[in-house]
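[1] My questions concern the predicted model and sequence given below.
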Amino acid sequence: MIQKQKGTIDIYGDIAKKWKYIDSVVDMVMEKYNYGYIRTPIFEDFSLFHRGIGDSTDIVSKETYDFLDKGGRRIALRPEGTACVVRAYLENKMYGDAVQPKKFYYNGTMYRYERPQSGRDREFTQFGAEVLGSDDPISDAEVISLAISIFKMLGLKDLKVRLNTLGDKESRDKYREVLVNHFKPHIDEFCDDCKERINKNPLRILDCKVDNENKLMKSAPKTIDYLNDESRERFEKVQEYLDVLGVDYEVDPTIVRGLDYYNHTVFEIEDTNPNMGLNRVILGGGRYNGLAEQLDGIPTPGVGWASGAGRVVDALEAEGVELPIDDGIDMFFLYVNEDEKKNALYYAKELREAGFSVDTEFNGKSLKSQFKKADRLNARFVSVLNSEDLNNHEIKIKNNKTKEEEIISLDAIIYYLDEQLNSMEDEDLDECDCGHHGEDHECKCGKDCKCSHKE
RNA sequence: GCGUCAUUGGUGAAGUGGUUAACACGCUAGUUUGUGGCACUAGUAUGCGUGAGUUCGAUUCUCACAUGGCGCCCCA
């Protein structure tokens, strides 16, 4: 048996419906914020990530999914979206467009060569937003509120935005030096990993899992104290704009990004629901004003974020959010003989073209098992086609919930189903607590109740 | 890259160094004459991740590999 590759998943069935629903919400909210969809290639030149990310960590050497193609080109499967979008922006000279900044969103698979574990696969899906060509803190604030809008629209409630600033390069370099001086004299008290980090990536010591109780952690210098005036003012503006947008956030000095191209605003959104387990962070992002230059492009400020769709699915699961996924079909045709089979085939098509979701039997099973199948498909109506009825130009339609059966003319089938399904939809609505019991009035309960949609 | 646990029909799983691999769900057929979902009856793995080894004999023990779960490194 050929198996799927390590760290990949097949998405199908009910889970696939969930993913499609998330996609549709992402599309809808992004369009409202006027972010344009961008689709870039799944594979790129290895250097795009090598140069974009730098080799300060072993990300690129160890975790990029790369290989040589038949022409000897070094190819990398994209590990993230930001560098790809910036490359596309530069290569297509979008900085020449009249309308700036350019606002993009993407949604696609990313690849990292890692050992799979909880919340981490080799192929995974991220959606993200990027604003290129604006250095104004209004864009930092907008992308964060955009993210919150999407998550709220999906039904997530236990969200926490954590915000920090790294300052500009000057502030950042200064902070790094101070931090190293803070830890260096006592580095013997720390774990082996931290002894490595102090040379390779000292900021990462701050979120070490082993040493987080060490007293030097709490007394560690904070980025905020080492900002120059320009960086400080900018950070204050971001917070001011977030307040205008009504976004709840918490300034958290331990938020750090691993990569050099980040500066100024960085943020994460986590789901605080206790069912979430270890991987609570469902979104991460920040400002990356240096990236375009590192890619040899004209200097272009940018800010954006990416969210792991798999973790969003986990969060929805953890919070017990029920998505409004329509399952079930409108009609299932049952048949026994060849003549009825042809009619099933024909009327299924007719009804589908009229907008109904319809299915019928394909494996020539007994009526008993056809009924079972109809139930499993959650068919709202079933019809056992009968040659005699059909000769009389009639059809029997059974409501699969109430079991009531009616004989109607074949000409009326579309009209009949339409009417029945509409009244069924109304019945599905709940009565709310407003006390009006579904009467015609402008209901303020805020739910899809029996009365809310009648004014 | 490192550590650790796991892998048995369509599914959930029990189990043993030795003739027929439990139980349940599902599925198929019948009781039921063209209107089911209940009930009952019967059927449903020549096979226990792959390969090699130990053994008279391996699904069971050993090793390697693959995949999965969890954790570490790292996390764009």
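    Great, that's in hand.

[2] So, low pLDDT: which residues of chain A?
    A:54-60, A:258, A:427-455 (pLDDT under 70).

[3] Where is the longest helix in it?
    In chain A, with assignment by DSSP state H, the single longest helix is helix A:13-32.

[4] Which strands or helices does that helix pack on?
    Packing partners of helix A:13-32 (3 or more CB pairs under 8 Å, 6 or more residues apart in numbering; DSSP states H and E): strand A:102-111, strand A:123-132, helix A:137-154, helix A:309-318. Heads up, the C-betas are built off the backbone N, CA and C, glycines and all.

[5] partners of the next helix or strand after it, with directions?
    Per DSSP states H and E, the first helix or strand lying C-terminal to helix A:13-32 is strand A:36-37. Using DSSP bridges, strand A:36-37 pairs in its sheet with strand A:102-111 (parallel).

[6] What lies in contact with the strand it pairs with?
    Here strand A:102-111 makes contact (CB atoms under 8 Å, 6 or more residues apart in numbering) with A:23, A:26-27, A:30, A:33-40, A:42, A:65, A:77-81, A:84-85, A:89, A:94, A:122-133, A:309.

[7] Run through those and flag the ones next to RNA strand B.
    A:79-80 (CB under 7 Å from any atom of the strand).

[8] Which among the contacts of strand A:102-111 count as buried?
    By neighbour count, with 16 or more other CB atoms under 10 Å, those hold A:26, A:30, A:35, A:38, A:40, A:65, A:77-81, A:84-85, A:89, A:94, A:122-133, A:309 as buried.

[9] if I pick the closest residue to RNA strand B within the stretch 351-455 of chain A, what's in contact with it?
    Going by CB to the nearest atom of the strand, RNA strand B is nearest to A:F371 of the stretch 351-455 of chain A, at 3.0 Å. With contact taken as CB under 8 Å, 6+ apart, A:F371 is in contact with A:334, A:382.

[10] May I ask which helix or strand encompasses it?
    Going by DSSP H and E, A:F371 is in helix A:367-376.

[11] what's the distance between that helix and the middle of its chain?
    Mean C-alpha position of helix A:367-376 versus that of the full chain (CA atoms, centre = their mean, to the nearest Å) differs by 36 Å.

[12] do the same with stretch A:98-107
    18 Å.

[13] and what of stretch A:167-187?
    Between the centre of stretch A:167-187 and the centre of its chain there are 35 Å (CA atoms, centre = their mean).

[14] So which bits of it are buried?
    Neighbour-count burial for stretch A:167-187 flags A:167-168, A:171-172, A:174-176, A:178-179, A:182-183 (criterion: 16+ other CB under 10 Å).

[15] is it up against RNA strand B anywhere?
    No - against RNA strand B, stretch A:167-187 shows no contacts by CB under 7 Å from any atom of the strand, the least distance being 13.8 Å.
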